[in-house]
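Engineer: Sequence and predicted structure, then a few things I'm wondering about:
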Amino acid sequence: MSERGPGTRDLPLFQKASPTSKAAWENVADKSTKRGRVCQFIRDQGTHGATDKEIQVALEMRGSTQRPRRVELVHQGMVRDSGEVRKRSVVWIAV
């Protein structure tokens, strides 16, 4: 059985019976981290999504800092390629 994260229906699911799953969710959801800020920004864009450049501008973050955080989120299954392209860039959306 899975649960939504506390406080919002838009946060990713975690496995209730798995302490490591919940800890991973809390780590990604932590908005005080760069990865958490990137994740939350993409999540906030909904189906419109965001390109790497849009994320960098909005969060005032260098590409060399932002892109690795987004890649981590993709590997964790939190963010995916929407299949859309904007200004010749992939549009990323939250899963």
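Structural biologist: That came through, no problem.
Engineer: Now that V95 has come up, it's in contact with M78, right?
Structural biologist: Yes: counting by Cβ atoms under 8 Å, V95 does reach M78; the two are 5.9 Å apart. The C-beta positions use only the backbone N, C-alpha and C, and glycine is treated the same way.
Engineer: When those two are compared, which one has more neighbours?
Structural biologist: Neighbours were counted for V95 and for M78 using other Cβ atoms under 10 Å; M78 has more, 22 against 13.
Engineer: ok, now how distant is R37 from E60?
Structural biologist: 10 Å (Cβ to Cβ, to the nearest Å).
Engineer: Name the residue in these two with the higher neighbour count.
Structural biologist: Between R37 and E60, counting by other Cβ under 10 Å, R37 is the more crowded of the two (18 against 7).
Engineer: I'd guessed that one sits against A58; true?
Structural biologist: No: between R37 and A58 there is no contact under Cβ under 8 Å: 9.5 Å.
Engineer: so how far is the longest strand anywhere in the chain from its chain's centroid?
Structural biologist: Counting by DSSP state E, the longest strand found in the chain is strand 79-86. Strand 79-86 sits 13 Å away from the centroid of its parent chain (Cα atoms, centre = their mean, to the nearest Å).
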